[in-house]
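can you look at this prediction? I've put the sequence above it.
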There are 2 protein chains.
Amino acid sequence: MAQTSTMQAEARTGHKWVYLFEEGSAEMRELLGGKGAGCAGMTRAGLPVPPGFTITTEACVAYYGAGNQFPESMWDQTLEALSTIEQKTGRRLGDPADPLLVSVRSGARASMPGMMDTVLNLGLNDASVEGLGRLTSNPRFAYDAYRRFISLFGRIVQGIPAEKFDHVFDAAKERAGVEQDPELSADQLQSVVAEFKDVARRETGSDFPTDPIEQLRQAIQAVFGSWMGRRAVDYRRAEKIPDEWGTAVNVQTMVFGNMGEDSGTGVAFTRNPSTGEKLLYGNFLANAQGEDVVAGIRNAEPISAMEAHNPQVYAEFERYAAQLERAYRDMQDLEFTVERGKLYMLQTRSGKRTGRAAVKIAVDMVAEGILSKDEALLRVEPRHVEQLLLPRFDEAAKAEAEGAGHLVARGVPASPGAAVGEAVFDPDRAAERVESGARVILVRPETSPDDFHGMIGARGILTSRGGTSSHAAVVARGLGKPCIVGAESVRVDLDRRVLSVDGREVSEGDVISIDGGTGEVLLGEITTVEPNFAEDRDLQQVLSWADERRRLGTWANADRARDAIRAREFGAEGIGLCRTEHMFEEPERLPFVRQMILNAAAAKRDPDARRHYLAALEKLLGYQRGDFKELLQAMDGRPVIIRLLDPPLHEFLPKYEDLLVDVTEMRVRGETGPARDEREELLQAVAQMREANPMLGLRGCRLGILYPEINEMQVRAILEAAVELKQEGRHPHPEIMIPLIGDIRELRRVQEQLVQVAREVEARAGTDVDYKFGTMIEIPRAAITADKIAEEAEFFSFGTNDLTQTVYGFSRDDAEGKFLGFYQDQKILPNNPFQVLDPEGVGALVEMGVQRGRSTRPDLEIGICGEHGGDPESIAFCHKVGLNYVSASPYRVPIARLAAAQAAIREG
Amino acid sequence: MAQTSTMQAEARTGHKWVYLFEEGSAEMRELLGGKGAGCAGMTRAGLPVPPGFTITTEACVAYYGAGNQFPESMWDQTLEALSTIEQKTGRRLGDPADPLLVSVRSGARASMPGMMDTVLNLGLNDASVEGLGRLTSNPRFAYDAYRRFISLFGRIVQGIPAEKFDHVFDAAKERAGVEQDPELSADQLQSVVAEFKDVARRETGSDFPTDPIEQLRQAIQAVFGSWMGRRAVDYRRAEKIPDEWGTAVNVQTMVFGNMGEDSGTGVAFTRNPSTGEKLLYGNFLANAQGEDVVAGIRNAEPISAMEAHNPQVYAEFERYAAQLERAYRDMQDLEFTVERGKLYMLQTRSGKRTGRAAVKIAVDMVAEGILSKDEALLRVEPRHVEQLLLPRFDEAAKAEAEGAGHLVARGVPASPGAAVGEAVFDPDRAAERVESGARVILVRPETSPDDFHGMIGARGILTSRGGTSSHAAVVARGLGKPCIVGAESVRVDLDRRVLSVDGREVSEGDVISIDGGTGEVLLGEITTVEPNFAEDRDLQQVLSWADERRRLGTWANADRARDAIRAREFGAEGIGLCRTEHMFEEPERLPFVRQMILNAAAAKRDPDARRHYLAALEKLLGYQRGDFKELLQAMDGRPVIIRLLDPPLHEFLPKYEDLLVDVTEMRVRGETGPARDEREELLQAVAQMREANPMLGLRGCRLGILYPEINEMQVRAILEAAVELKQEGRHPHPEIMIPLIGDIRELRRVQEQLVQVAREVEARAGTDVDYKFGTMIEIPRAAITADKIAEEAEFFSFGTNDLTQTVYGFSRDDAEGKFLGFYQDQKILPNNPFQVLDPEGVGALVEMGVQRGRSTRPDLEIGICGEHGGDPESIAFCHKVGLNYVSASPYRVPIARLAAAQAAIREG
């Protein structure tokens, strides 16, 4: 706490520690905290705020600096401020005749869990309670306020467990034979008060403080103390809020909404927080206190009901609401109380809102002249845009289903959006059901390329195993389908075609609903709401402002023409990553892919194998040429980065474990014949290809170095597709990406060979194609030696998924399932580094790669195609280090457009 | 070729391209090449060298710079030099009466494969051959020289395949009915010459050049041309020799050792290159040419035999040898010829030698005042020391076995040394046989912790699968036992207890011999030679000089007291890495280890599991305390770095695949009962723990974060052991290493908890222990954020094995078996980066880690404990970047001592 000594010095020299609300202002948030600044702002603006004052955050810091002592003169200033309120209200704290009651609450810069709650009705004791009873002509009200005060003070200030009081109170109700709190009489409440004081004495070892000044002193100390409470400290560590901020303390005159039918209390938003409509939105409850609304004793009425109660007060409130919105230039969330016909404003702050509302409010406020476009862009959060792009469950319908116990499991959210359909347990059946018009959720223990045809048509995918980089997750994100993986409590019985969870069963055909954004699995159908991006005028308006402002390009990861078309609708300016392996997974191609793989190694020495190998490649060439032509055509005139085959080849083969079981069964049964021979042979082949750590094994450019013919086939297909398009008058711009480069010699070797192939295709066709060669920077060594690599590569694309795996030494598949969750729970890591780019480690290498790469090739095109390309915080990082573009899943492109604009605006 | 233009300019201004031997000197190696400088040096020193001259390396560079043209005046200078030789010898090139014959050979700075061989007898044609015949009175000799010349010239200069000439020659012998070359008569040889010229005409399309000057011009061009030949270029790329060096050309008067009994030829070392003994060592062959020695036509005699032939010449040679050794300050490898009683020196160069000889010569030459200690240290190569530390095959015995076809396979050399023993296929049987006194080679497809008891007693280990970081390799290196892994051509049939390779079988009990340094597997027993380190006085002398000179500490990796004792004998100053997991593998402990593992996760919620878990830990605590006590005692007074448990826990369990087969068999057979239940349960448990990429999964500090009790047990064991030792008056210095840290928060979490444990043990015992806490830097993020990590860590140890895996994205197990070999063959990587530290990528992070770590903790103790700690090139790197020590396998400590001294000397 570097500031401390300064502050102590200031304390000695008569520093100002306490501000009356009229002395502060809305801008003094740092010094007065959010609540204090809100009250000060409203007071200054002439709004009726119950008188009060704020002890500053600096006082809190000084308190800790001095070893938990109030800084010099703070207490005097507090008493002085109190005396000012007393003069204003004409009441005195603890005055038996006309007692002033106050609330004491904490108020940090940002609202913070773990900080002290509010102590209400402070100033009551055995004498003043009588005065309050007389004054209000309502002894029951007075004793009710008193018992509330004692239990709040006891719990919050003295640290007495709440149940000690609850227990006494419940016993009193039982004795009185009543069920509801309000049914207790004044006398009965008086006994409760006596018993509460006994509790306090027993628990603390001394009498409950009767001196209101002492009560106040202890309450202020308790607020300061809560700043260093365990939960508050943990929260600050996680949120990176410095201890030095401190918390303010607000002491404010109590007003009561429960003083009769001309009283009441309410909360309201200045606009509808759900739709953004410009109309007051909230609740009002006559003759009630705020607590009662929460306790649900009576149902609150809509805010408009207040107009009927008291049109004058309502009009006044409307005026204040408009005034505050203008002043704060944002939709406000207001709290107020009406005490005997007089309106008091208690709190104002910016209101939370849905995506829909955020976008509409931003657009409207620009039209109303309240906000500039830049300001409006900063008011819409990326997650707001995300909400508007996905089908989602109707909130009411979901709440109802949850209430009915239909929420049965939570898995790892792998691809967001809501989906409803009948559970189907195998891909053939899924494809069949989709064909016949059914909505299907494909449910599998995990998926493999064999399941792809079943995934295409499914509305959503649910697996009981795997992490967010499992096959199911990656494919689902590519397809933009909702997906939950690793739902470990779900048991999938493929034989019986049944999913069971905690004893409940879902059979094939039963309808389930999944939310890929939360990981929730629900039984039955939940109503969903579908988005309409193209016709969402407010969203389009915001995004077009974003496009004017952003410096980063926004590209999309898309493997197929249909994804590219969708990406373009979402505003993608190029394809940053086409994973060609996904083309290999189509069922009619898989046999040729396997033929290629099983003969690749043997082809070097066995002419027969070579013949099979080349025949398979020839066949795949045809498929790929068609794929690439469609893709390049969909992105006509725009760059399309196509990554050469990357995954370990054994991913395209049946699983070793499955084969092992098959073969073992055949062996035990003594089966012979060609079927067994075939299985045995395949088992041997797959055994040969197995790897201890496939993530770090024979994949990426290493494949192309060992089996150059596969790369050659792919480059031939790309170039031939481009040539055809050019001959049809189009403008293809393929960029060929060689993955997993770690050393310039790898790149040189592969690239030299492939440039030959490209030139050959061009020469044969007599047509030049505008192509580039480049590489992914996805292992640390590539970033470290980026200067060398850029001598050959014309573009870099940071593969931050793999880079995060290697920089942290985390296998994503293992880490997410086994320890990353625990790490985040325990605040060992602030985020999942696969979702939010780690700026310190991975980011340091990205920055190094950018600087070194541009040092030898200043016009190097640099982007990012890892999943981070769609994450706002990571996008801000990409902006800062000077990338040319980010590339994300198609549906995240609008999010990226906004986030990129925000990064540019924040840069200033 | 940046120098080229300068040279061309010099060429125009009359640059000197040609040096007569008497114009050059021994120091002009760069300009004249090794051979030219040798001849010049000997000529200058007044030794009888056949007259000749050298065309400089600069001429070669200029030749290429000018588009394969001799630089201006070079040819004139050549003819001038030739004419000088002609005057000196009184003969003329091509003179039919008294022809001068010359040899033409290349001579680069370093001897280089792929460069041009020697053309002998240049200057012969149909006329001069007659003159030579007359002059020597030996037409057979003359025509033999002529046919040798034509075939050499044809092959080397004209590029005619050797077999074209061989074919003709063989036919001639057949026609003549003779078997040996010398049996052909002069006439027969004359016909061969005619046929050879026909061959040349057919192959080149023009007549064989008869003009000796033209022959010389072409031969010089051929030498220059060979500099850019494919093999030479590849070699230079690999060895990083710049193209700009160029090669020199040496033209030298021929002398003949086959002119009668007063002639002869020989080679000799100035000392014994095998033992280092200071005595001329070599061979002499009377009446013969150098080629004849090579062709093995007659057995050469020892050099001493020359004394009998001609004591005067021998004395002269002895004098020259001593003179050259003094001049070059190194043992020389000499070539000479005696022509009709006159001695000619043909070549001098530093001689290759065994480790034994290198060490003795270095020590002797310091005693003789020839070398300083520093020079002597640079003369001994680390591999020389390695040779002296390992049992090795007797070379003759091995050559004989190879000749007999007993070399049957080559695997991956995983732990060096030679071993002989009977093949045994299972660990129980191995332990049993060792018990009864047998020498055993344990042969397995691969090894696991279950095999450990069989590995301990075995002389050597051979596996058919796995790479150099497989279990077998790591354990064998730790035990210092010869080991070959991944011998893929070997099939191990465990059922039949037979090893088969290419149809040959080795049954259990048959003796085999393996060389873990070369990967060679031989049938039968090869005689081995055992080292004796302590009594090797020459070696001890060299190493004590090294100790005076080196700045790096030399520590050892050792897991057990017996290894530590051995390491200390080898000069280890501390233990840099004790892998505690190896303690877990002892057969009597494994059940408790498994009990701990199988209950660790469940212990969090199930009291029963917790009880089992804690009981297992308690048991292991006892074992570990004993282990650590022995280890710390063995290294009394020295630092001992103990790494907390690091590998994935499933490594200690049976393999998933084995269980799957067991269970499938039981299922098919319909077995029921407790045995099946137990297997099914274990299968489930192991399935839960399986990982996609265990290298990047739940291991290292991540284990300790999830299961803190394991770390606590280990630290308790370490501290309790240290306390006991202190109480016994000893000086233990344990340093506790927390592995796989990637983020400071991981380290803080684990370290804070363990410091508590340590303090608790100290407090209970009332004894302070001198301990440190530190971490391995083995993943990139740790190096990048080393400044933060050093805030907590008191020492760093670079785990460069894992760091290489993550920086390159190479899984060692997969890469070494699947593509690293190909990468090295193809020169995509210069070395196996797991053997030689990659300075550009991995090294950059090591340097970053050192700098950043010391930036926040200047006295940070930094070492390296990866395998690179025993590799000389990597040790030089560690010296350069300022590490405090290197840590290597015990037997590599002497090598590290030497390499560290060399690094310090070379730094200057």
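Yes, it's here. Residues are numbered from 1 along each chain as shown, chains lettered A, B, ... in the order given.

give me the residue from the stretch 101-250 of chain A nearest chain B.
residue A:237 (9.3 Å; C-beta to the nearest C-beta). C-betas here are computed from N, CA, C, even on glycine.

neighbouring contacts of the host helix or strand of that residue?
Using DSSP states H and E, residue A:237 maps to helix A:230-239. The contact list for helix A:230-239, computed with C-beta atoms under 8 Å, 6 or more residues apart in numbering or on different chains, reads A:110, A:112-115, A:226, A:241-243, A:827, A:830.

picking that back up, what about the residue of the stretch 101-250 of chain A closest to chain B, neighbour count?
Here the number of neighbours of residue A:237 (other C-beta atoms under 10 Å in any protein chain shown) works out to 13.

just residue A:281 next, same as before
Residue A:281: 21 neighbours (other C-beta under 10 Å).

what of residue A:211?
A count of neighbours around residue A:211, defined by other C-beta under 10 Å, yields 12.

phi first, then psi, for it.
phi -80, psi 120 (degrees, to the nearest 10).

residue contacts, it?
Per C-beta under 8 Å, 6+ apart, neighbours of residue A:211: A:94, A:125.

swap in residue A:125?
Contacts for residue A:125 (C-beta under 8 Å, 6+ apart) come out as A:94, A:210-212.

so which strand or helix has residue A:726?
helix A:708-727.

tell me which residues are up against that helix.
A:580, A:596, A:600, A:603, A:613-614, A:617-618, A:620-621, A:624-629, A:632-633, A:636, A:642, A:644-645, A:703-704, A:731-732, A:734, A:736, A:738, A:750, A:753-754, A:757-758, A:761-762, A:765, A:767, A:769, A:771.

out of those residues, list just those in helices.
A:596, A:600, A:613-614, A:617-618, A:620-621, A:624-629, A:632-633, A:703-704, A:750, A:753-754, A:757-758, A:761-762, A:765 (DSSP state H).

what sits closest to residue A:691 if chain neighbours are left out?
residue A:697 (3.9 Å; C-beta to C-beta, 6 or more residues apart in numbering or on different chains).

so that neighbour is in contact with residue A:647, correct?
No: using C-beta atoms under 8 Å, residue A:697 is not in contact with residue A:647, being 10.1 Å away.

among the two, which residue is more densely surrounded?
Set residue A:697 next to residue A:647 and count neighbours by other C-beta under 10 Å: residue A:697 wins out with 24 against 19.

from residue A:517, how far out is the most centrally placed residue in chain A?
Centroid-nearest residue in chain A: residue A:383, 6.9 Å away (criterion: C-alpha atoms, centre = their mean). Going from residue A:383 to residue A:517 by C-beta to C-beta, to the nearest Å gives 10 Å.

ditto for residue A:812
Taking C-beta to C-beta, one finds residue A:812 at 19 Å from residue A:517.

the nearest residue to residue A:640 once chain neighbours are set aside bridge partners, please.
Once flanking residues are discounted, residue A:640 sits nearest to residue A:575: 4.3 Å by C-beta to C-beta, 6+ apart. Beta-bridge pairing for residue A:575 (DSSP bridges): residue A:556, residue A:640.

pLDDT score for residue A:575?
Listed pLDDT for residue A:575 reads 98.

burial of it, as a residue count?
Residues lying near residue A:575 (other C-beta under 10 Å) number 30.

again, but for residue A:565
Close neighbours of residue A:565, defined as other C-beta under 10 Å, add up to 18.

just checking, it touches residue A:634?
Yes: with contacts counted by C-beta under 8 Å, residue A:565 reaches residue A:634, the gap being 5.0 Å.

which residues of the stretch 251-400 of chain A score low on pLDDT?
Residues of the stretch 251-400 of chain A meeting the criterion pLDDT under 70: A:291-299.

and the helices in it?
Here the stretch 251-400 of chain A has its helices, by DSSP state H, counting those that start in this stretch, at A:290-295, A:305-309, A:311-328, A:355-367, A:373-379, A:382-389, A:395-403.

please name every helix or strand in contact with the third one.
Which is helix A:311-328. The helices and strands touching helix A:311-328, judged by 3 or more C-beta pairs under 8 Å, 6 or more residues apart in numbering or on different chains; DSSP states H and E, are helix A:29-44, helix A:305-309, strand A:332-339, strand A:342-350.

so which of those is nearest residue B:122?
If you check each of those against residue B:122 by C-beta to C-beta, helix A:29-44 wins as the nearest, at 93.7 Å.

so what secondary structure elements neighbour the helix or strand following that closest one?
As assigned by DSSP H and E, the chain's next helix or strand after helix A:29-44 is strand A:52-55. Judged by 3+ C-beta pairs under 8 Å, 6+ apart, strand A:52-55 is in contact with strand A:18-20, helix A:29-44, helix A:74-89, strand A:248-253.

could you report the pLDDT at residue A:112?
Note for residue A:112: predicted pLDDT of 74.

residue contacts, it?
Listed by C-beta under 8 Å, 6+ apart, the contact partners of residue A:112 are A:232, A:235-236, A:241, A:247.

with residue A:355 instead?
Contacts for residue A:355 (C-beta under 8 Å, 6+ apart) come out as A:383-388.

which among the residues you listed gets closest to residue A:482?
Of those, the one sitting nearest to residue A:482 (C-beta to C-beta) turns out to be residue A:386, at 13.0 Å.

and for that closest one, the neighbour number?
21.

that one contacts residue A:893, doesn't it?
No: the pair residue A:386 / residue A:893 is not scored as a contact, 11.3 Å apart, by C-beta under 8 Å.

for the stretch 701-850 of chain A, what lies in contact range of chain B?
Proximity of the stretch 701-850 of chain A to chain B (C-beta under 8 Å from any C-beta of the partner chain) is limited to residues A:702, A:705-706, A:740, A:742-743, A:745-746, A:749, A:778-781, A:784-785, A:802, A:805-811, A:813-815, A:818-819, A:822-823, A:826-829, A:838, A:840-842, A:844-845.

give me phi/psi at the closest residue in space to residue A:549 that isn't next to it in sequence?
Leaving aside its chain neighbours, residue A:549 sits nearest to residue A:901 (4.1 Å; criterion: C-beta to C-beta, 6+ apart). When read as degrees, to the nearest 10, the backbone of residue A:901 gives phi -60, psi -40.

report the contact partners of residue A:901.
A:377, A:545-550.

next one, pLDDT for it please.
98.

for it, give its distance to chain B.
For residue A:901, the distance to chain B (C-beta to the nearest C-beta, to the nearest Å) stands at 30 Å.

may I have the distance across stretch A:584-604, first residue to last?
Across stretch A:584-604, the terminal residues are separated by 23 Å (C-alpha to C-alpha, to the nearest Å).

just stretch A:666-682 next, same as before
Terminal residues of stretch A:666-682 lie 14 Å apart, using C-alpha to C-alpha.

does it come close to chain B?
Yes: Stretch A:666-682 lies within reach of chain B by C-beta under 8 Å from any C-beta, at A:668-669.

quick one: buried residues of that stretch?
For stretch A:666-682, a neighbour-count test (16 or more other C-beta atoms under 10 Å in any protein chain shown) marks A:666-667, A:676, A:679, A:682 as buried.

much appreciated, bye for now.
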